[in-house]
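Student: Sequence and predicted structure are below.
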Number of protein chains: 2
Amino acid sequence: MNRQGVEGRGRALGETVGDEIRRLLVEGELVPGQRLSESALGERLGVSRNTLREAFRGLAHEGLVTHRPNRGVFVTTPSLASLVDIYRLRRFIECQALREAVPGHPAGQRMRTAIEQARDGRERQDWQAVGSSNMAFHAAIVSLADSPRLDAFFRQVSAELRLAFGMLSDQEWLHGPYVERNLHVLEAFEGGDPAQAATLLEQYLSQSERTLLAAYARDNPAD
Amino acid sequence: MNRQGVEGRGRALGETVGDEIRRLLVEGELVPGQRLSESALGERLGVSRNTLREAFRGLAHEGLVTHRPNRGVFVTTPSLASLVDIYRLRRFIECQALREAVPGHPAGQRMRTAIEQARDGRERQDWQAVGSSNMAFHAAIVSLADSPRLDAFFRQVSAELRLAFGMLSDQEWLHGPYVERNLHVLEAFEGGDPAQAATLLEQYLSQSERTLLAAYARDNPAD
DNA sequence: GCATATTTGTCCGTATGTATA
DNA sequence: CTATACATACGGACAAATATG
């Protein structure tokens, strides 16, 4: 019975609910600061409160929602400090992965595909798609390190960053300029100069951070 | 009512249950491969199945327990592949953190304290304590990067590694030799040569990995 | 400052599907 | 192949905490 909203035909359990909520988060359907009522969201997704609470637990662990005891679950509002932390982490991980990568690693193909998809999105002015593709490019860089745990960790941090992007206006300015810069990084890497690629990436990330922080400060004068 | 076993009078909710199970795991009360029956463990901890399932969700997210759909929750049995991955990660993260650290970082004090505690444990032949202190030393190295998210990630990976150590015999051989090597790393670092410290750490970790993998292969001929 | 409504936190009972003896 | 055990998931209940008027 039930299970109208969530398509429970698959193999996994109420874990599907977590994926569903994750999708609502990155698509901006649920916005930072919003309270997620157990009864309301449970009814919307067609699951019981118990199942929903299990899903909440996983999302809270990833930092996408925040649990306030006896108050409820809220969509996490990224702080300036968390954005600074995330970019420090990205420089730490991505540059190192690029620098130490073995030449001819299959992830290079994924990097190229991601850039092509980002270009497609740019043609359609679909900046959300450009943002997703750019993130796929960076995930491919991380995968150069050949560590499943590092990949999972980066995926999680990406989702958190995605939440922050969603808070901001001017999506074109946030995503558009980096498509070609990604290409430069890839060319340096495939040209056999990982050190140069890492340097380009470092400058790139630092600029991206400045742009993001400026947009954040502009849209959230309160903070 | 109830709540005899878990001391729920505090502020946190059934989250306490997760901490309790984590404690049982690192203390070896629950061993890898063991199935964690919802009803049995729930009764033992004095909580309902729903509450327990919420706690399981968090632990599964950390990799300490494994969820097999329709089968139940099991204490994760670390595989050879996961150990290789964890050591690759440790070299990736710890060496980089050490190399890029700013001189005079307060974490240096924590590194020194950890070494002293490891020596105390060694005097008492308390190899579990030595293992904990050694891990605290490495956590301090990671904290040189000044990233809360990286700290949390490393804490999680450490717990997983701890699980593997618990599977093995010969705890003295696994933990004892590294107390002095930690000191050498610290001395190189505080002597103003982070590159040398990183090199020492890299060799150290590679040897530790070989020792661990050998012990694993010896105790688990099946794998 | 107080009474009330809402929501969370936690438990129980139970129906259903899946895996295993 | 049948039977049993168990996980899965739902709905309902109630106390405690919180928000509201």
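Tutor: Arrived safely, thanks for sending.
Student: In chain A, where's the longest helix?
Tutor: Secondary structure of chain A per DSSP state H: the longest helix is helix A:194-219.
Student: ok, that one near chain B or not?
Tutor: No: using C-beta under 8 Å from any C-beta of the partner chain, helix A:194-219 never reaches chain B; the gap is at least 11.7 Å. C-beta coordinates here come from the backbone N, C-alpha and C atoms, glycine included.
Student: That helix: how far from the chain's middle?
Tutor: 16 Å (C-alpha atoms, centre = their mean, to the nearest Å).
Student: Same question for stretch A:38-49.
Tutor: 25 Å.
Student: For the longest helix of chain A, give the mean pLDDT please.
Tutor: Averaged over helix A:194-219, pLDDT sits at 90.
Student: Surely A:Arg119 touches A:Val179?
Tutor: Yes: applying C-beta atoms under 8 Å, one finds A:Arg119 in contact with A:Val179, separated by 6.1 Å.
Student: tell me which element the nearest residue to A:Tyr204 once chain neighbours are set aside is part of?
Tutor: Nearest non-adjacent residue to A:Tyr204, counting by C-beta to C-beta, 6 or more residues apart in numbering or on different chains: A:Arg181, 5.0 Å away. With secondary structure defined by DSSP states H and E, A:Arg181 is part of helix A:178-190.
Student: Taking their axis directions, that helix and helix A:194-219 sit at what angle?
Tutor: 160 degrees (axes from the mean of the first three to the mean of the last three C-alpha atoms, to 10 degrees).
Student: Hmm, A:His138 is touching A:Cys95, no?
Tutor: No: taking contacts as C-beta under 8 Å, A:His138 lies outside contact range of A:Cys95: 11.1 Å.
Student: separation between the nearest residue to A:Ser82 once chain neighbours are set aside and DNA strand D?
Tutor: Excluding the flanking residues, the one nearest A:Ser82 by C-beta to C-beta, 6+ apart is A:Glu160, at 7.1 Å. Separation of A:Glu160 from DNA strand D (C-beta to the nearest atom of the strand, to the nearest Å) stands at 24 Å.
Student: Report the buried residues of the lowest-mean-pLDDT helix or strand in chain A.
Tutor: When each helix and strand of chain A is scored by mean pLDDT, DSSP states H and E, helix A:171-175 comes last, with a mean of 85. Neighbour-count burial for helix A:171-175, with 16 or more other C-beta atoms under 10 Å in any protein chain shown as criterion, is recorded at A:171, A:174-175.
Student: Tell me which other helices or strands it touches.
Tutor: helix A:127-142, helix A:148-167, helix A:194-219 (3 or more C-beta pairs under 8 Å, 6 or more residues apart in numbering or on different chains; DSSP states H and E).
Student: Report how many residues lie close to the residue nearest to A:Tyr204.
Tutor: Applying other C-beta atoms under 10 Å in any protein chain shown, we find 17 residues neighbouring A:Arg181.
Student: now do A:Arg44
Tutor: Neighbours of A:Arg44 (other C-beta under 10 Å): 14.
Student: That one belongs to a helix, doesn't it?
Tutor: Yes: checked against DSSP: H, G, I helix; E, B strand; the rest coil, A:Arg44 lies within a helix.
Student: who's in contact with the helix holding A:Arg181?
Tutor: Applying C-beta atoms under 8 Å, 6 or more residues apart in numbering or on different chains, the contact partners of helix A:178-190 are A:98, A:101, A:108, A:111-112, A:114-115, A:118-119, A:122, A:130, A:134, A:137, A:141, A:194, A:196-197, A:200-201, A:204, A:208.
Student: and A:Gln125, how many neighbours?
Tutor: 11.
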